[in-house]
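Q: What follows is a predicted structure for the sequence shown.
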Amino acid sequence: MIEPVLIAITDTEKAAAALWLARLEPLLAGARPGSVLVMLRDRQLEARARQAFGVQLRELTARHAQHFSVNDRLDLALLCDADAVHLAESSVGAADARAFGRGFSRRWWLSRACHDPEQVSLDGVDGVLLSPIAAARKGREALGAPGLARARAALGRQGPGVPRLYALGGIDPENAARCIAAGADGVALIGALLEPGAPRGLLDGLSLARTG
């Protein structure tokens, strides 16, 4: 069962692939097995470069018993042997994504982007990435703890099969635990992963460190 607490999203516009791999290594090595999912985003990369980076991330996550997701490309998820796929709000439906995966004997964990706390009633995905939470993004005001509470209430009205709720947008080691206290099941972040000390800060703040 895939139930990550931390979703680490790559963006090679912010840093080169080599730096992402260097930052992710201690995070994945230090986290409890299965508690971190790394998402290949990097839509700006040429197809071969994106696939090559995905193969590196798949190897890294597998080595540390963590999960790997591909952003919005079912074909690339197959090529990179991903555990999961993240769907945009305007992307294919979850049923279609699952049907595609079944054709290749894949049972992906599916997540979807969402920007409206009242609209987290989605189409059978396993996780919802609600944004922006802690900082304004792309003209949208930060939803904050009230937004997470509204989303949690909306999810509570759906009955069985409620997707996991993730806070995205301005998340860092300082506020990650507060997001979970406000109703999120986990957090997703991009830029903060590149800050010095971020891996240790996230592991400590979210109580994800391996034991033994």
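A: Received the coordinates, thanks.
Q: Roughly how far does residue 16 sit from residue 10?
A: 11 Å (Cβ to Cβ, to the nearest Å). Quick note: C-beta positions are derived from backbone N, CA and C, even for glycine.
Q: Looking at the chain, which helix is longest?
A: Longest helix in the chain, counting residues (DSSP state H): helix 47-63.
Q: Off-centre distance for that helix?
A: Its chain's C-alpha centre and that of helix 47-63 lie 16 Å apart, by Cα atoms, centre = their mean, to the nearest Å.
Q: check contacts around residue 27.
A: By Cβ atoms under 8 Å, 6 or more residues apart in numbering, residue 27 lies in contact with 6, 8, 36, 193, 198-199, 202-203.
Q: at 10 Å instead, please
A: Listed by Cβ atoms under 10 Å, 6 or more residues apart in numbering, the contact set of residue 27 reads 6, 8, 36, 38, 64, 66, 193, 198-200, 202-203, 208.
Q: The helix or strand following the longest helix of the chain pairs with which strands, parallel or anti?
A: Using DSSP states H and E, the helix or strand that follows helix 47-63 towards the C-terminus is strand 67-71. Strand pairing for strand 67-71, using DSSP bridges, gives strand 36-40 (parallel), strand 84-87 (parallel).
Q: And the contacts of the next helix or strand after the last one?
A: This points to strand 84-87. Remark: after strand 84-87, the chain's next helix or strand is helix 94-102, criterion DSSP H and E. Residues outside helix 94-102 that contact it (Cβ under 10 Å, 6+ apart): 72, 74-75, 77-78, 82, 85, 87, 91-93, 106-108, 110-112, 122-126, 163.
Q: Now helix 94-102: buried residues?
A: Under the neighbour-count criterion of 16 or more other Cβ atoms under 10 Å, helix 94-102 has 94, 97-98, 100-101 buried.
Q: Which stretches in the protein count as helices?
A: Under DSSP H, the chain gives helices at 17-30, 47-63, 74-79, 94-102, 144-156, 176-181, 198-205.
Q: Save those as a markdown table, and put in mean pLDDT too.
A: Shown next, in a markdown table, are the helices of the chain (pLDDT from 0 to 100):
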| stretch | mean pLDDT |
| --- | --- |
| helix 17-30 | 95 |
| helix 47-63 | 97 |
| helix 74-79 | 97 |
| helix 94-102 | 95 |
| helix 144-156 | 91 |
| helix 176-181 | 95 |
| helix 198-205 | 93 |
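Q: nearest to residue 2, of those helices?
A: Within the helices of the chain, the stretch nearest residue 2 is helix 47-63; the backing value is 11.6 Å (Cβ to Cβ).
Q: got the buried residues for the closest one?
A: Here helix 47-63 shows 50-51, 53-54, 56-58, 60-61 as buried, counting by 16+ other Cβ under 10 Å.
Q: do the same with stretch 17-26
A: For stretch 17-26, the neighbour count (16+ other Cβ under 10 Å) marks 17, 20, 23-24 as buried.
Q: Pull it out as PDB, backbone CA atoms only.
A: This file holds the C-alpha atoms of stretch 17-26, laid out as PDB (Å, rounded to 0.1, in the frame of the first residue of the first chain):
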ATOM      1  CA  ALA A  17      19.300  17.100 -12.100                       C
ATOM      2  CA  ALA A  18      22.600  16.300 -10.400                       C
ATOM      3  CA  LEU A  19      21.800  18.600  -7.500                       C
ATOM      4  CA  TRP A  20      18.300  17.100  -7.100                       C
ATOM      5  CA  LEU A  21      19.800  13.700  -6.900                       C
ATOM      6  CA  ALA A  22      22.300  14.900  -4.300                       C
ATOM      7  CA  ARG A  23      19.600  16.500  -2.100                       C
ATOM      8  CA  LEU A  24      17.200  13.600  -2.400                       C
ATOM      9  CA  GLU A  25      19.800  10.900  -1.500                       C
ATOM     10  CA  PRO A  26      20.000  11.800   2.300                       C
END
